[in-house]
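Colleague: Could you look at this predicted model? Sequence included:
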Amino acid sequence: MATKKTEETFRTSIGGQALIEGIMMRGPKKQAIAVRKPDGEIEVRTEDLKLTGDRHPILKWPIIRGTVNLLASMVNGVKALTYSAQFMPEEEQEEPSKLDKWIEEHFSSETAEKLIIGLAVVLGVGLAVVLFFMLPTFLASLLDPVLGNGIWYNLVEGVIRMVIFIAYIWLVSRMKDIRRVWMYHGAEHKTIFCYEAGLELTPENAGKQPRCHPRCGTSFMILVMLISILVFSLVRIPGEGWNKAVTVLVRMGVRILLLPVVIGLSYELIKYAGRHDNWFTKVISAPGKALQRLTTAEPDVSMLEVAIAALKPVLPETKGEDRW
């Protein structure tokens, strides 16, 4: 049975992202990036948001807004990561690639930044599509003689996709530098929980909060994997009489075309889970919260201070304006 919304069950639309020694928080009207500099000081940059949906209302429609918000989050995330990397000691900063250097030499600084960020987003999306959608389709097709072309094929493909995704997260988690990013991720969640609980934003109060949040991007990605099984099962590729390679390519093409639908449905589900507390939302939130045990870690006090510094500037002036 759903619980009645009260001040104690307030849920905010404010979300964030862990960076290199920092955190980005995004509110209804503002975005803030807080980074711990090598000298120990916290650098905070705040900017007003310019939302595409305000200029094009159709982009706020259900289902459509899922893909739009995902792409916008990726662009903002790359920008924020690039900004936070500037504060790393010079000896720890990575040398720009040859392509980055060529772009910087042939374009203005503003255009070069946009091109590099755009390229990073395209490569990120491309890697995700190949690794989590095209590869599982190819691997499952190897079992065509056993699985046929029905529901079992889609279930096995979905399981393969989930295994690849979890293995990818696990392998990334083994990287030493990522461990601190996961700690900042935990600080982000704890600070948002603290704010939603109506407590004073202090490291002590935030530190007592859970580190796994139902509206995390990790939960969203798990939902994408699960919803894809259902959506892909609704579209049957005949394949009889086709060359096997053609069948596999058609399947991959259909998967890519259906991705906006999968992402849109997953986004609507994560929004619903954020607004309600019942058995259904607990079920759909459980896989993501379980996986967050890999993508978050317990932060230290200094990280909670950074998270609070990033959250405060984006809090709305009107109470409740950021309700999820």
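Modeller: Yep, it's here. For clarity, every value in this text was computed on a predicted model and none was experimentally measured.

Colleague: Dump the C-alpha coordinates for stretch 166-183 into CSV.
Modeller: Listed in CSV are the C-alpha atoms of stretch 166-183, where the atom choice follows Å, rounded to 0.1, in the frame of the first residue of the first chain:
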residue,chain,number,x,y,z
ILE,A,166,27.5,-6.4,-14.5
ALA,A,167,30.9,-7.7,-15.6
TYR,A,168,31.8,-4.3,-17.0
ILE,A,169,30.8,-2.6,-13.8
TRP,A,170,32.8,-5.1,-11.7
LEU,A,171,35.9,-4.7,-13.9
VAL,A,172,35.7,-0.9,-13.7
SER,A,173,35.3,-1.1,-10.0
ARG,A,174,38.6,-2.9,-9.7
MET,A,175,40.4,0.2,-11.0
LYS,A,176,42.2,2.1,-8.2
ASP,A,177,41.2,5.6,-9.4
ILE,A,178,37.6,4.7,-9.8
ARG,A,179,37.3,3.8,-6.1
ARG,A,180,37.4,7.4,-5.0
VAL,A,181,34.9,8.3,-7.7
TRP,A,182,32.6,5.6,-6.2
MET,A,183,33.1,7.2,-2.7
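
Colleague: Please point out which parts of it sit buried.
Modeller: 169, 178, 180-183 (16 or more other Cβ atoms under 10 Å). The C-beta positions use only the backbone N, C-alpha and C, and glycine is treated the same way.

Colleague: what does stretch 287-294 give?
Modeller: Buried residues in stretch 287-294 (16+ other Cβ under 10 Å): 287-289, 291-292.

Colleague: Look at the most centrally placed residue in the chain and report its pLDDT.
Modeller: Nearest to the geometric centre of the chain sits G217, at 3.4 Å (Cα atoms, centre = their mean). For G217, the pLDDT comes out at 88.

Colleague: Quick one: residues contacting it.
Modeller: G217 is in contact with 17, 73, counting by Cβ atoms under 8 Å, 6 or more residues apart in numbering.

Colleague: for the closest residue to V314 other than its chain neighbours, what are its contacts?
Modeller: With sequence-adjacent residues excluded and distances taken as Cβ to Cβ, 6 or more residues apart in numbering, V314 is closest to G27, at 3.0 Å. Applying Cβ under 8 Å, 6+ apart to G27 gives the contacts 13-14, 49, 314-316, 322.

Colleague: Tabulate those residues (JSON lines), appending pLDDT and secondary structure.
Modeller: Below are the contacts of G27 laid out as JSON lines (pLDDT from 0 to 100; DSSP: H, G, I helix; E, B strand; the rest coil):
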{"residue": "S13", "pLDDT": "90", "secondary structure": "coil"}
{"residue": "I14", "pLDDT": "94", "secondary structure": "coil"}
{"residue": "L49", "pLDDT": "88", "secondary structure": "coil"}
{"residue": "V314", "pLDDT": "97", "secondary structure": "helix"}
{"residue": "L315", "pLDDT": "96", "secondary structure": "coil"}
{"residue": "P316", "pLDDT": "93", "secondary structure": "coil"}
{"residue": "D322", "pLDDT": "89", "secondary structure": "coil"}
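
Colleague: ok, the buried residues of stretch 166-183 vs V261, which is closest?
Modeller: Nearest to V261 among these, counting by Cβ to Cβ, is I169 at 24.0 Å.

Colleague: about what we covered before: from the contacts of G27, list just the buried residues.
Modeller: 13-14, 314-316, 322.

Colleague: And the helices in the stretch 201-324 of the chain?
Modeller: 203-207, 217-233, 244-275, 279-295, 301-311 (DSSP state H, counting those that start in this stretch).

Colleague: List the buried residues in the last one.
Modeller: If you call a residue buried by 16+ other Cβ under 10 Å, then helix 301-311 has these buried ones: 303-311.

Colleague: Likewise for the third one?
Modeller: Residues of helix 244-275 classed as buried: 247-249, 251-252, 255, 258-259, 261-271, 273-275 (neighbour count, 16+ other Cβ under 10 Å).

Colleague: Check the second one too.
Modeller: For helix 217-233, a neighbour-count test (16+ other Cβ under 10 Å) marks 217-229, 231-233 as buried.

Colleague: now, which of the residues you listed sits nearest F132?
Modeller: For these, the nearest to F132 is M225 (7.4 Å; Cβ to Cβ).

Colleague: Could you double-check that the closest one sits in contact with E157?
Modeller: No. If you go by Cβ atoms under 8 Å, M225 and E157 don't touch, sitting 10.7 Å apart.
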